[in-house]
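Q: below are the sequence and a predicted model for it; my questions follow.
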Amino acid sequence: MKMTDLQKKSREDLEKMLAEQKGKMQQFRFDVAAGKNASVKELRTGRKNIAQILTAMRMISK
């Protein structure tokens with residue numbers, strides 16, 4: 001997701017998105033441990049999305 005899109009969202013929306021992304025990452029880790037998925041790119045993308053959401057939340061709070 002683009003940073004400009006994240007900056008336009010409200011803090012509540014960002015919190016919902018953050019919880020959703022963290023849930024997806026948890027499920028992805030379980031799938032990797034079970035051998036269902038081996039895509040490292042998805043893991044990297046998920047971490048990047050979480051970092052962008054947290055950054056946007058910090059920018060809004062300032």
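A: Perfect, I can see it now. These figures come from a predicted structure and were not determined experimentally.

Q: point to the residue nearest the middle of this structure.
A: Ile50 (3.1 Å; C-alpha atoms, centre = their mean).

Q: what sits against it?
A: Residues in contact with Ile50 (C-beta atoms under 8 Å, 6 or more residues apart in numbering) are 18, 21-22, 25. Yep, even glycine has a C-beta here, placed from its N, CA and C like the rest.

Q: for the record, mean pLDDT for the longest helix along the chain?
A: Counting by DSSP state H, the longest helix found in the chain is helix 11-34. Averaging pLDDT along helix 11-34 gives 92.

Q: and that helix, what other elements does it pack with?
A: Applying 3 or more C-beta pairs under 8 Å, 6 or more residues apart in numbering; DSSP states H and E, one finds that helix 11-34 contacts helix 40-61.

Q: what about the helix it packs on, distance to the chain center?
A: 5 Å (C-alpha atoms, centre = their mean, to the nearest Å).

Q: repeat that for stretch 17-30.
A: In this view, stretch 17-30 has its centroid 7 Å away from the chain centroid, taken as C-alpha atoms, centre = their mean.

Q: do the same with stretch 26-42
A: Relative to its chain's centre, stretch 26-42 lies at 15 Å (C-alpha atoms, centre = their mean).
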